[in-house]
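> Following is a predicted model, sequence given first.
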Amino acid sequence: MAKNDFIVDLSLLDHDQPVADLEAVRALNPQRHEMEHLTGILYEDVETLRCAGYKDVTHDEFWVRGHMPGMPVMPGVIQLEAVAQLSSFFAQKHDLLGAEMVGFGGVDGARFRDVVVPGDRLILMIRLTKARRNRMIVAEFQGVVGNKLVVDGTIRGIPLPVDAVKAYLANRAAQNAV
């Protein structure tokens, strides 16, 4: 794939000076521990609604031992989670959805074109194609290792009803305590 076919021109990404580091990502994304799949942000353009970030894939990932023994390949669902976290970060930073928290709303046309393995830096890129406040965001996405496209598709984010989920969990906890 020619580099001008990427959502963000890879030559614009300064790996030595991220736009946002892990702590800045954590300030907007709630995922922690095994579910943290975004290392930093390398590029943002609010006018064209594009963002690029990365996930440094380590040998300590929770899935390495079992997916698959002797041949660790990053699961596609984890790649999609990383894209969701990039989309959420961008939407939250620029208040595009108007939600306390963005949830994974769906994925369309995902294609996994090559493997991602420990030691890789997975570059993730999104271009928002729709942002309906209080309803949904839609973004085209790509994942690249080196100069090679490894995953692409369309992802949707929705506002999570945080108060309703907390009330539901408190109710279940109260019922289980009886």
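On my side now, so go ahead.
> Is the closest residue in space to Met35 that isn't next to it in sequence part of a helix or strand, or is it coil?
Spatial nearest neighbour of Met35, chain neighbours left out: Glu81 (7.2 Å); criterion: Cβ to Cβ, 6 or more residues apart in numbering. Backbone N, C-alpha and C define where each C-beta goes, glycine included. Secondary structure, DSSP: H, G, I helix; E, B strand; the rest coil: Glu81 is helix.
> Could you pull out the helices in the protein for me?
Assigned helices in the chain, in chain order: 22-28, 76-93, 162-177 (criterion: DSSP state H).
> quick one: Asn134 from Val162, how far?
Distance, Asn134 to Val162, using Cβ to Cβ, to the nearest Å: 13 Å.
> Kindly report the same for Val178.
Applying Cβ to Cβ to Val178 and Val162 gives a distance of 25 Å.
> do Val102 as well
According to Cβ to Cβ, Val102 and Val162 sit 11 Å apart.
> who's more crowded, the two?
Legend: neighbour count by other Cβ atoms under 10 Å for Val102 and Val162, higher for Val102 (25 against 13).
> leaving aside the residues next to it on the chain, what's closest to Asp21?
Gly40 (5.2 Å).
> neighbours of Gln17, just the number please.
Neighbour tally, Gln17, other Cβ under 10 Å: 8.
> Show the contacting residues for it.
Applying Cβ atoms under 8 Å, 6 or more residues apart in numbering to Gln17 gives no contacts.
> Quickly note the distance from it to Pro75.
For Gln17, the distance to Pro75 - Cβ to Cβ - is 30 Å.
> swap in Asp114?
14 Å.
> quick one: which of these two has more around it?
Per other Cβ under 10 Å, whichever of Asp114 and Pro75 has more neighbours is Pro75, with 16 against 13.
> the strands in the chain, which residues?
Using DSSP state E, the strands of the chain run over 40-45, 50-56, 102-112, 121-132, 136-145, 148-159.
> Okay, and the beta partners of Arg50?
According to DSSP bridges, the partner residues bridging Arg50 are Asp45, Arg127.
> Tell me how many other residues surround Phe89.
Neighbours of Phe89 using other Cβ under 10 Å come to 25.
> Name all residues that make contact with it.
Phe89 sits in contact with Ala20, Val25, Leu28, Asn29, Leu38, Ile41, Cys51, Gly53, where contact means Cβ under 8 Å, 6+ apart.
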